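J.: Structure, please.
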Amino acid sequence: MSTLRIASTQFELRAESSLDTFAQHVNGIVAAAAADGAQLVLLPELVTTGLLASHRNSAELDAAHIGDVYRTLFPLIADHYVDLMSSIAKRHNIIIGGASNIRRLPDDSLRNTAYLFHPNGNVDSQDKLHLTPPERAMGITAGDTVTTVEIEGFTVALQICADIEFPEVSRHLALEGTNLILAPSLTWNSRGANRVRYGAHARAMENQLYVAVSPLVGSNGIPQGAALHCTGYAMVTTPLDRTFGINDGVLAAHEDNRREGFIIADLDLALVEASRANPEPPGLKYVRSDFYEALRSGESLRA
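T.: Residues are numbered from 1 along each chain as shown. Just a heads-up that it's a prediction; the model follows:
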């Protein structure tokens, strides 16, 4: 049966003075993951955030003006960014997943878009579906489609940060055959980090699949007077059942130290299939779709 070795990263938010400096940073952690045999390396949401330091007035950027920089700087580099990440994936013969950046579409809308960069040059993308208040304030538009990709026998989907906190899309993906969800994240307080953490556990438990989380960590001192301090830790969660035999649902987790690093996890598709074939509750076999539909329509509430 199919197996997949993944590296889920804690990527440090640094002051990146140029796209070349950022490329060296990414290349270093991807190279280390590839050296450990990873076939896929997961990078966090808005991994490009360190490039705020490349703005000509970066030392003077304050909270009142930072949104304008997000709207201009990141879409400006979007095409170069895709080419850069594709070249790193090719160089190390590895898939780079997550790694979202803000891009501008032909209709002038802004999207927070995550990717799967393949070594052969193919690029798959997924726009964030559930936006935070700061993203809405920046004028970002939510996506309205879901993407799945076949990788080494696994059906893989991307759910960006808050997306993993909403069960509806994950359930749809699971019923369509998804068995691995990649959840790149950016959170700046413990509440946010725990929402992603518990969301990953819940989605893995409910849908009998793997969920991998990759956070941005640390701070680059921007904006002035209200610097972003990112938190969370890399982890891979599993269903909570006898098939996996992991009583806390954690296949692998990085130390919660806000420092750069990564974890390696070996995923086994046969375990997902065995779990779904013979689940402990909850399990997809026990989903009562007709009953839930009756609840929505109010039929089950009638005397």
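J.: Near the nearest residue to Ala162 once chain neighbours are set aside, how many residues? Count them for me, please.
T.: Distance criterion CB to CB, 6 or more residues apart in numbering; nearest residue to Ala162, sequence neighbours excluded, is His130 at 4.5 Å. (Each C-beta comes from the backbone N, C-alpha and C, glycine too.) His130 has 17 neighbours, counted by other CB atoms under 10 Å.
J.: just the one 3 residues further on next, same as before
T.: In terms of burial, Pro133 registers 7 neighbours under the definition other CB under 10 Å.
J.: Please apply the same query to Gly221.
T.: Neighbour tally, Gly221, other CB under 10 Å: 16.
J.: Please name the residues that touch Pro75.
T.: 102-104, 110 (CB atoms under 8 Å, 6 or more residues apart in numbering).
J.: Buried subset of these as a PyMOL selection?
T.: To isolate the buried members of the contacts of Pro75 in PyMOL, using 16 or more other CB atoms under 10 Å:
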select buried, resi 102+103+110
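J.: all helices of the protein, in order?
T.: 19-35, 66-92, 133-137, 167-175, 190-207, 269-277, 289-297 (DSSP state H).
J.: Can you list the buried residues in stretch 122-133?
T.: Across stretch 122-133, burial judged by 16+ other CB under 10 Å covers 124-132.
J.: Out of the residues you listed, which sit inside strands?
T.: If you go by DSSP state E, the buried residues of stretch 122-133 have 124-127 in strands.
J.: Output the residues you listed as a markdown table; include the columns pLDDT and distance to Leu209.
T.: Below are these laid out as a markdown table (pLDDT from 0 to 100; distance: CB to CB, whole Å):
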| residue | pLDDT | distance to Leu209 |
| --- | --- | --- |
| Asp124 | 98 | 18 |
| Ser125 | 98 | 21 |
| Gln126 | 98 | 16 |
| Asp127 | 98 | 21 |
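J.: Which pair in these has the greatest spatial separation?
T.: Largest separation among these by CB to CB: Asp124 and Asp127, giving 11.7 Å.
J.: returning to that earlier point: distance check, the residue nearest to Ala162 against Phe117.
T.: 23 Å (CB to CB, to the nearest Å).
J.: same thing with Cys230?
T.: From Cys230 to Phe117 the distance is 22 Å (CB to CB).
J.: try Asn27
T.: Distance, Asn27 to Phe117, using CB to CB: 13 Å.
J.: Quick check on these two: which one has the bigger neighbour count.
T.: Phe117 (27 against 15).
J.: Surely the more buried one touches Ala89?
T.: Yes. Using CB atoms under 8 Å, Phe117 makes contact with Ala89 at a distance of 4.1 Å.
J.: Could you check how far Leu43 is from Pro282?
T.: 31 Å.
J.: Residue ranges in this protein under the pLDDT threshold?
T.: 1, 58, 300-303 (pLDDT under 70).
J.: Can you tell me the number of residues neighbouring the closest residue to Leu269 other than its chain neighbours?
T.: Excluding its sequence neighbours, the residue lying closest to Leu269 (CB to CB, 6+ apart) is Ser2, at 4.2 Å. Ser2: 15 surrounding residues under other CB under 10 Å.
J.: Might you report the residue contacts of Ser2?
T.: Applying CB under 8 Å, 6+ apart to Ser2 gives the contacts 152-154, 268-270.
J.: how close does Ala200 sit to Ser185?
T.: 9 Å.
J.: and what of Gln159?
T.: To Ser185, Gln159 is 10 Å away according to CB to CB.
J.: partners of the residue positioned nearest the centre of the chain in the sheet?
T.: Geometric centre of the chain, nearest residue: Pro184, 1.9 Å, by CA atoms, centre = their mean. Beta-bridge partners for Pro184, by DSSP bridges, are Ser214.
J.: Quick check: closest non-adjacent residue to Asn220.
T.: Asn220 sits nearest to Ala15 (CB to CB, 6+ apart), 4.3 Å away.
J.: where does the one you found sit relative to Glu255, distance-wise?
T.: For Ala15 relative to Glu255 (CB to CB), the value is 24 Å.
J.: Among those two, which residue is more densely surrounded?
T.: Set side by side, Ala15 and Glu255 show more neighbours around Ala15, with 16 against 11, by other CB under 10 Å.
J.: Do I have it right that that one meets His55?
T.: No. Using CB under 8 Å, Ala15 makes no contact with His55, being 10.7 Å away.
J.: Phe22 reaches Glu16, doesn't it?
T.: Yes. Between Phe22 and Glu16 there is a contact under CB under 8 Å: 4.2 Å.
J.: list the residues that contact both of those two?
T.: Shared contacts of Phe22 and Glu16, defined by CB under 8 Å, 6+ apart, comprise 50-51.
J.: can I get the contacts of Pro75 in TSV with distance to Ala63?
T.: Converted to TSV, these look like this (distance: CB to CB, whole Å):
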residue	distance to Ala63
Ile102	18
Arg103	23
Arg104	23
Leu110	19
